[in-house]
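Engineer: could you look at this predicted model? Sequence included:
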Amino acid sequence: MALLTLQGISKHYLQGELQVNALSDINLNVEEGEFAALVGPSGSGKTTLLNIIGGLDAPTQGLTQLNNTDITGLSEAELSDFRLFQLGFIFQAYNLVPVLSALENVELVMVLQGRHANERRERAEHYLQLVGLQDIMQRRPSALSGGQQQRVAVARALAAGPRLVLADEPTANLDSENATALLDIMHRLSHEEKTTFIFSTHDPRVMERAERIITLHDGKIVSDECHQRHHEPTI
Amino acid sequence: MSALHALAVFNRLPILLFMAWRNIWRNPVRSALTISALAGGLVMVILYSTLLEGMTRQMVKFATEISTGHIQVQRQAFIDDQDLYATLPWSYLQTLEQQFPNIHITPRLYSAALASAENTSTGVLIKAVDAQREAAVTQMLSHVRRGELNLAVAETLDDGLIRYNVVIGAQLAKNMNLEPGSELVLVTQAADGSIGNALYRIAAILKPLEPSFDRMGVLMSIEAYQQLMYLQDGFHELSIKLDDATSLEDVQAALDTKLKLIMTSQSLDALGGVPVVRNWRQITPAIADMLELSKTMNFIIGFIVVGLASMGMLNTMLMAIHERRHEFGVLLAVGMKRRWLLLMVLFESFFLALVSAFVGSFIGIIFAAYFEDHGIDFSASMPDGYDWAGMVFEPVMKGYLEPAHVVNACVLMIFVTLFASLIPSWRIARLKPVEVM
């Protein structure tokens, strides 16, 4: 049984009087532990598809099933819980809470989950150590570089123990060195933690490291290929 | 389920409070300006309520300490028509004094008369008091402007006639061109129907205390009154001061009961009516109404000032929320419940209001303490004070800092600002993460 199943997902919206077909009849299965990239040019529907998988947007048609749960039928409160316990998010613009330190940012989702203080502190420190930020845990986002902020975002997404991590262009704002390092961290943690990653990108460096590349064009899947990883981690 | 929700919110409270507190300091200049506006409004409200409380306390002082006393006993016909014959027997005074050792009682008698001096004459109101008892009940006799308070016999003339001292109001003295030592003739219709008249010496002139007394009041001793009016049987009014003003209603009821008992053993004539026990609020309903009005005014002014100041808070929160839409979207995306987000924003407003309350009440109390000690001095232009709504106020308008007013103003401000923050909260409630991220 696939972790994620998309059946006949379509998303249409009106732009003025014009109907835009952001996604058309998307069918996709993603197995547990996959490290998959959604690729395609701008406007191909990558972000829309990630939003629908993450329950942030509703499809016009179709079924989204994650971990045997049909999320298209969930209420807003149920979706909120679903995202809190089942999903991790990594955004293009890092999106850390500026008034919290790196450690507090990583703890935040676990606080919302209602985990015990000792447990969440241990996990937050552990994941910050895994992403190589153990020495600057108390710094606020404004005192961190873009690469460091994105690593905190990875730690935040993983520390909460999600089944699936969705990353929307995670390396778009990073230089080559930081992008490569981040991808290696994500890939390593994906394997170590048995966590499924789906990330959107049009960055060739990211595509190189993906084990599966799903190509979108004009809201349709035009190819779905499995790759062997060529590069060894750089950190 | 609701208990579980409550528990869930309770578990997340520390992080929501923590984030809210830090969030208000994200833009320190803007928060400082907002706090200044709210604190400034609070200072205004505290000062206003301090001055108003000072005025209302002066009103109560005027009502209870200058003339009226806390409680008065009169017969119904005297209340209705100033009936000269509606007196209460002197034995009533003695009985009440024995029965109520913890209250101070003074008897009074009244009459209208024609006063004549060297070149002028005018209608006056005679008020006869027992100076010693009166001093224990009211402060009327202590407000002497010129002369020396003395209601005793001034001199005994060769023909055996006695000339008494009297004290008059300031405006009457001015109108009749009288000074301490001047002579005054009073002519009136005595209780036996004859014409009562006598010559008096002005011993003192009182400061303006009560507009009616100031214009036409002549104060004399009860003995002098009895000789002028041939009215020996009793008195028109008992004025009573309580040591503990909070027991006003209880003492009033007890006096009423006691008077009814006395009446069963010593009945009164039917024409004068029954004795009526009234407290100062019933005697001077205008002052009681003004006190109520001042409370309402305090609330209305407070609401307006704090309401206006909270518009600044509303603006701050709207701007902050607009700037942080993206962040809120992210928080919603990672699983924060909408209600927790709303709670966090309400906490931010609450913290802003709380800091403003501390700052505003601290500054407000300092200013209020100054006005309590020094007041606003009008003595240069109005040395005798000012007359407003039938009451005379002291020339220095002193405030009175009532701690409850500060607490009420703070609570009002927090309530109004929280109410104002419902608008930004409503905007958050409509946020869709996918649209703002």
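Structural biologist: Yep, it's here. Residues are numbered from 1 along each chain as shown, chains lettered A, B, ... in the order given.

Engineer: and B:Phe358, how many residues sit next to it?
Structural biologist: By other C-beta atoms under 10 Å in any protein chain shown, the residues close to B:Phe358 number 14. Glycine gets a C-beta too; all of them are placed from N, C-alpha and C.

Engineer: what parts of the stretch 1-150 of chain B come near chain A?
Structural biologist: By C-beta under 8 Å from any C-beta of the partner chain, the residues of the stretch 1-150 of chain B that approach chain A are B:8, B:11-12, B:15, B:19, B:22-23, B:26.

Engineer: what bridges to the spatially most central residue of chain A?
Structural biologist: Closest residue to the average C-alpha location of chain A: A:Leu166 at 1.7 Å, with C-alpha atoms, centre = their mean. For A:Leu166, the beta-bridge partners are A:Phe89, A:Ile198 (DSSP bridges).

Engineer: I'd assumed A:Gly55 was in contact with it.
Structural biologist: No. If you go by C-beta atoms under 8 Å, A:Leu166 and A:Gly55 don't touch, sitting 10.0 Å apart.

Engineer: which neighbours do these two share?
Structural biologist: Residues touching both A:Leu166 and A:Gly55 by C-beta atoms under 8 Å, 6 or more residues apart in numbering or on different chains: A:Leu87.

Engineer: about what we covered before: tell me the spacing between the residue nearest to the centre of chain A and A:Phe197.
Structural biologist: To A:Phe197, A:Leu166 is 8 Å away according to C-beta to C-beta, to the nearest Å.

Engineer: find residues that contact each of the two.
Structural biologist: With C-beta under 8 Å, 6+ apart, A:Leu166 and A:Phe197 have no common neighbours.

Engineer: could the residues of the stretch 1-150 of chain B next to chain A go into CSV alongside neighbour count, pLDDT and secondary structure?
Structural biologist: Formatted as CSV, the residues of the stretch 1-150 of chain B next to chain A follow (neighbours: other C-beta atoms under 10 Å in any protein chain shown; pLDDT from 0 to 100; DSSP: H, G, I helix; E, B strand; the rest coil):
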residue, neighbour count, pLDDT, secondary structure
B:Ala8, 15, 63, helix
B:Asn11, 15, 74, helix
B:Arg12, 20, 82, helix
B:Ile15, 18, 89, helix
B:Met19, 20, 92, helix
B:Arg22, 17, 92, helix
B:Asn23, 21, 91, helix
B:Arg26, 14, 88, coil
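
Engineer: for chain B, what's its nearest residue on chain A.
Structural biologist: Chain B sits closest to A:Leu84 of chain A, with a gap of 2.6 Å, by C-beta to the nearest C-beta.

Engineer: in three-state terms, label that residue for me.
Structural biologist: A:Leu84 falls in the helix class when you classify it by DSSP: H, G, I helix; E, B strand; the rest coil.

Engineer: in contact with it, which residues?
Structural biologist: A:Leu84 neighbours (C-beta under 8 Å, 6+ apart): A:109, A:112-113, A:160, B:334-336.

Engineer: quick one, what contacts the residue of the stretch 101-250 of chain B found nearest chain A?
Structural biologist: The nearest approach of the stretch 101-250 of chain B to chain A comes at B:Thr246, 51.0 Å away (C-beta to the nearest C-beta). With C-beta under 8 Å, 6+ apart as the criterion, no residue contacts B:Thr246.

Engineer: could you list the low-pLDDT ranges of the chain?
Structural biologist: With no chain named, the answer covers chain A. A:228-235 (pLDDT under 70).

Engineer: let me rephrase: I mean chain B.
Structural biologist: Using pLDDT under 70, chain B drops low at B:1-9, B:384, B:387-392.

Engineer: can you name every helix or strand that the longest helix anywhere in chain A contacts?
Structural biologist: Ordering each helix of chain A by length in residues (DSSP state H) puts helix A:176-192 first. Other helices and strands packing on helix A:176-192, by 3 or more C-beta pairs under 8 Å, 6 or more residues apart in numbering or on different chains; DSSP states H and E, are strand A:35-39, helix A:117-130, helix A:146-159, strand A:164-168, strand A:196-201, helix A:204-209.

Engineer: wait, which of the ones you listed is closest to B:Ile363?
Structural biologist: helix A:117-130 (39.0 Å; C-beta to C-beta).

Engineer: for that closest one, buried residues please.
Structural biologist: By neighbour count, with 16 or more other C-beta atoms under 10 Å in any protein chain shown as the criterion, the buried positions of helix A:117-130 are A:120, A:123-125, A:127-128, A:130.

Engineer: and what of stretch A:178-194?
Structural biologist: Quick answer for stretch A:178-194 (16+ other C-beta under 10 Å): A:178-187, A:189-190, A:193.

Engineer: need the contact list for residue 113.
Structural biologist: Chain wasn't specified; assuming chain A. Applying C-beta under 8 Å, 6+ apart, the residues near A:Gln113 are A:84-85, A:160, B:335.

Engineer: could you do chain B instead?
Structural biologist: B:Ala113 neighbours (C-beta under 8 Å, 6+ apart): B:123-126, B:186-188, B:218, B:228.

Engineer: PyMOL command to pick out the buried ones of these?
Structural biologist: Here is the PyMOL command that selects the buried residues among the contacts of B:Ala113 (16+ other C-beta under 10 Å):
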select buried, chain B and resi 124+125+126+186+188+218+228
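
Engineer: out of the contacts of B:Ala113, name the ones that lie in strands.
Structural biologist: B:123-126, B:186-188, B:218 (DSSP state E).

Engineer: still on that earlier bit, quick check, nearest of the residues of the stretch 1-150 of chain B next to chain A to chain A?
Structural biologist: Taking C-beta to the nearest C-beta as the measure, B:Arg22 is the one of the residues of the stretch 1-150 of chain B next to chain A closest to chain A, at 3.7 Å.

Engineer: run the chain-centre distance for the longest helix of chain A.
Structural biologist: 13 Å (C-alpha atoms, centre = their mean, to the nearest Å).

Engineer: show residues contacting it.
Structural biologist: A:33, A:35, A:90, A:130-132, A:145-147, A:150-151, A:154, A:158, A:165, A:167, A:170-171, A:174, A:195-197, A:199, A:203, A:205-206, A:209, A:229, A:231, A:233-235.

Engineer: give me the element the residue lying closest to B:Glu134 once chain neighbours are set aside is part of.
Structural biologist: Among residues not flanking B:Glu134 along the chain, B:Thr106 sits closest, at 4.7 Å (C-beta to C-beta, 6 or more residues apart in numbering or on different chains). For B:Thr106, the element it lies in under DSSP states H and E is strand B:103-116.
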